[in-house]
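Participant: Sequence first, then the predicted structure, then my questions.
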Amino acid sequence: MVRAIAYRGPDGAHPWVHQNVGLAHLAFATTSEAGRERQPLVDPETGIALVGDIRIDNREDLIARLAGSGQLHLNTPTDIELALAAYKRWKNEFPREILGDFALALWDPRERQLLLTRDIFGLRQLVYAPVNGTVVFGTTVGAVRAALSGEPPINPRLLMSLLREGFGVWTRETAYATIFRVPPATVLTFRDCTPGETTYWVLHPRAERRTDTEWLDAFRSTFEDAVRVRLRTPGPVAVVVSGGLDSSSVACVGHQLAGSPSPAGALRLYSLALERTPRADERQYQRAVSVACSGRPFTPIPGDDLCALQEFGRDSGFDLDEPEVEVNRNFLSVPFRRAASDGCRVVFTGHGGDEVLGGRAYFQPDLLADVGLHRLWTELEHFRRGCRQPAWRLLLYTYGRQIIPRGLVRAARRWSSPPSLRNLEFALDVNYGRKDRRAMPTCSAQVVHERLDRGYYRAHLQMLERVAANESLEIRLPFLDRRVVECLVSIPPHLRFRDGWSKYILRHALRDYLPECVRERRSHSEFSGLIDRGLLEVNRQRVEALLSGSHVAREGLLDPSAIARMWSVYRQGSVATERLLLTRLLCVEEWLRTRNLSHEIG
């Protein structure tokens, strides 16, 4: 198992075996304390053994609370020592007390219990397989596969979900029928290999009444702290700056909090420069951020040739445990690789900002329900432009869906034009669904909840973590700090979008951090041209080779005629829907061709 993921442990591997339990840790030090950390950690008093991929962000608070309870006797404990002390204090509820990113496995010999748990959004990976009275677990599917006898059967449910862009089963299942994921914000306990499951955190808005100024101040201080605690690392920190509001905010706040630039550059900025791709050209905003972060090394990387399939599958030595979720992984891997070559072990990005801030609010007609009558006429015009729908239809979607039977709405969806169909489907997703949606007081808060809870988003986070790990980096996402998310899900809707401005609270709370051209930016970059260039021109032969004699068709996942029709329609006009379906097909196809297909699909 260790050999299968040796690339994740450049600082050495350490195994521990006692009776019927074996744990191993692949070291990758990204904090000052981690340099003296030794895992697996075994408590001499209780025999509890703990191993984890962990970064704790509320260290000061935890140290004070645990020292006061007598569970901690160290002045500067490592993160894994803090986690052990937290377990001894709060038992199976201890993950709720930890802020940060983590995947942990703990063996308690007194309880004869194995405990597996992950952070609230699942940025750190943890998978397991119960096999013949044994539980095998690890941070990658490849590690677990290495412990199994023979190739595990493929999981057609997950593959079919990917081909339909549903990702509905991704939270718990993997591409293999006998290997499973530990869900985010969950504690799994095993006694005699029988699992028990507990959810330790659920997103809830705060029941607070604040003025707009108080909300702006609360978000600002919370976001500043989210960036500050993630700057805890002995070496330089990389920030990938796209030029959008989210990554620019991370860079500018990080620049101020990191203090005076050291000779080595405590903070380093990296951007993809797209000179020959006009709809994706963000260089003016990137340069403005580099000026605002004066003194920090800024590296623009030519990106016009980073089209779809330039790095794909096992290209560049990528560990393809499961199907890709994007065909343009190089948009991440190239700047990550450059940052690693400059000595960085930690990389910041703005991922998560769109989800928690409700980006592009005026493209989501259901949010019109959050607009009060005194603002309805003004805001309706902004929604009409964003959704490209007549005002009467937007009003019907917003208010009529509360009383119109669902079957009738489905009939209307089939009748509607494609843009209307997509908008209506999103409105239905918010209005109809799980009962826990009623806990959200506004549609805006519900959209945040829904976006973070989607299988696709969890798959996307896994992709981010995998790409970073493959380049020997730890990825850190300030917008997914629990405190930031809980703050933003609680704000009044008019601080989320207002007077034609999306992400209103970010633009105003951080106004003295951000360059004015970035803060007032309304446009959104469009990268579909790079995908089309890769699929239709640069790598067309590879696409046709993958579609020829398709393994997806051979395994009965899609009909060959459907695949041919998809490719034909896309070639004729690169329709957005066909592009999306085609890229998902290519991801599954490439992965299937790397597997040992002598085994039947499970």
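Facilitator: It's in.
Participant: what's the least confident helix or strand in this structure, going by average pLDDT?
Facilitator: Here the helix or strand of the chain ranked lowest by mean pLDDT, DSSP states H and E is helix 418-431, holding a mean of 35.
Participant: Quick one: name whatever helix or strand follows it.
Facilitator: Following helix 418-431 in sequence order, the next helix or strand is helix 443-453 (DSSP states H and E).
Participant: helices and strands around that following helix, which ones?
Facilitator: helix 353-357, helix 418-431, helix 482-488 (3 or more Cβ pairs under 8 Å, 6 or more residues apart in numbering; DSSP states H and E). Placement of C-beta: from N, CA and C, glycine included.
Participant: Against which helices or strands is the shortest one packed?
Facilitator: Counting by 3+ Cβ pairs under 8 Å, 6+ apart, the packing neighbours recorded for helix 353-357 are helix 245-257, helix 443-453, helix 482-488, helix 504-509.
Participant: Which element is encountered next along the chain beyond the second one?
Facilitator: In the C-terminal direction, the helix or strand that comes right after helix 443-453 (DSSP H and E) is helix 455-470.
Participant: and that next one, what does it pack onto?
Facilitator: Counting contacts by 3+ Cβ pairs under 8 Å, 6+ apart, helix 455-470 is packed against helix 330-341, strand 474-476.
Participant: Could you spell out the sheet neighbours of the shortest one, each with its direction?
Facilitator: When you say that, I think you mean strand 474-476. Neighbouring strands of strand 474-476 in its sheet, by DSSP bridges, are strand 346-348 (parallel).
Participant: Now the one residue sitting closest to the centre of the chain. Nearest residue, chain neighbours left out?
Facilitator: For the chain, residue 461 is the residue whose C-alpha lies nearest the centre (Cα atoms, centre = their mean; 2.5 Å). Distances taken as Cβ to Cβ, 6 or more residues apart in numbering put residue 123 closest to residue 461, at 5.3 Å, once the chain neighbours are dropped.
Participant: Export stretch 470-486 to PDB, keeping only CA atoms.
Facilitator: C-alpha atoms of stretch 470-486 as PDB (Å, rounded to 0.1, in the frame of the first residue of the first chain):
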ATOM      1  CA  ASN A 470       0.700  14.800  -7.800                       C
ATOM      2  CA  GLU A 471       2.900  17.900  -8.000                       C
ATOM      3  CA  SER A 472       4.000  17.600  -4.300                       C
ATOM      4  CA  LEU A 473       1.800  20.400  -3.000                       C
ATOM      5  CA  GLU A 474      -0.800  20.800  -0.400                       C
ATOM      6  CA  ILE A 475      -3.800  22.900  -1.600                       C
ATOM      7  CA  ARG A 476      -5.500  25.300   0.800                       C
ATOM      8  CA  LEU A 477      -8.800  27.000   0.200                       C
ATOM      9  CA  PRO A 478      -9.700  30.000   2.400                       C
ATOM     10  CA  PHE A 479     -13.200  30.300   1.000                       C
ATOM     11  CA  LEU A 480     -14.000  26.800   2.400                       C
ATOM     12  CA  ASP A 481     -13.100  27.700   5.900                       C
ATOM     13  CA  ARG A 482     -16.000  26.600   8.100                       C
ATOM     14  CA  ARG A 483     -16.400  30.000   9.700                       C
ATOM     15  CA  VAL A 484     -16.400  31.700   6.300                       C
ATOM     16  CA  VAL A 485     -19.100  29.400   5.000                       C
ATOM     17  CA  GLU A 486     -21.300  29.700   8.100                       C
END
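Participant: what about that stretch, average pLDDT?
Facilitator: Per-residue pLDDT values over stretch 470-486 give a mean of 97.
Participant: repeat for stretch 125-140
Facilitator: The pLDDT scores in stretch 125-140 average 94.
Participant: Can you point out the buried residues in that stretch?
Facilitator: Neighbour-count burial for stretch 125-140 flags 125-131, 135-140 (criterion: 16 or more other Cβ atoms under 10 Å).
Participant: Of the residues you listed, which is the nearest to residue 153?
Facilitator: For those, the minimum distance to residue 153 (Cβ to Cβ) is 11.6 Å, reached by residue 129.
Participant: hang on, the earlier thing: possible to save the helices and strands packed on helix 455-470 as a markdown table with distance to residue 489?
Facilitator: As requested, those are exported to a markdown table (distance: least, Cβ to Cβ, whole Å):
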| stretch | distance to residue 489 |
| --- | --- |
| helix 330-341 | 27 |
| strand 474-476 | 21 |
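Participant: circling back to that earlier point, redo the helices and strands packed on helix 353-357 as TSV? Include distance to residue 161 and mean neighbour count.
Facilitator: Below are the helices and strands packed on helix 353-357 laid out as TSV (distance: least, Cβ to Cβ, whole Å; neighbours: other Cβ atoms under 10 Å):
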stretch	distance to residue 161	mean neighbour count
helix 245-257	28	24
helix 443-453	15	22
helix 482-488	26	21
helix 504-509	33	23
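Participant: can you list those helices in TSV and add distance to residue 212?
Facilitator: Output for those, formatted as TSV (distance: least, Cβ to Cβ, whole Å):
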stretch	distance to residue 212
helix 245-257	19
helix 443-453	15
helix 482-488	14
helix 504-509	9
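Participant: Mind telling me which of the ones you listed the model trusts least?
Facilitator: Lowest mean pLDDT within the helices and strands packed on helix 353-357: helix 443-453, at a mean of 91.
Participant: can you list contacts of that helix?
Facilitator: With Cβ atoms under 8 Å, 6 or more residues apart in numbering as the test, helix 443-453 has contacts from 121, 203, 205, 354-356, 358, 361, 364, 366-367, 369-370, 429-430, 433, 437, 440, 457, 485, 488-490, 493, 496-497.
Participant: now those: which count as buried?
Facilitator: By 16+ other Cβ under 10 Å, the contacts of helix 443-453 give 121, 203, 205, 354-356, 358, 361, 364, 366-367, 369-370, 430, 437, 440, 457, 485, 488-490, 493, 496-497 as buried.
Participant: Good, wrapping up.
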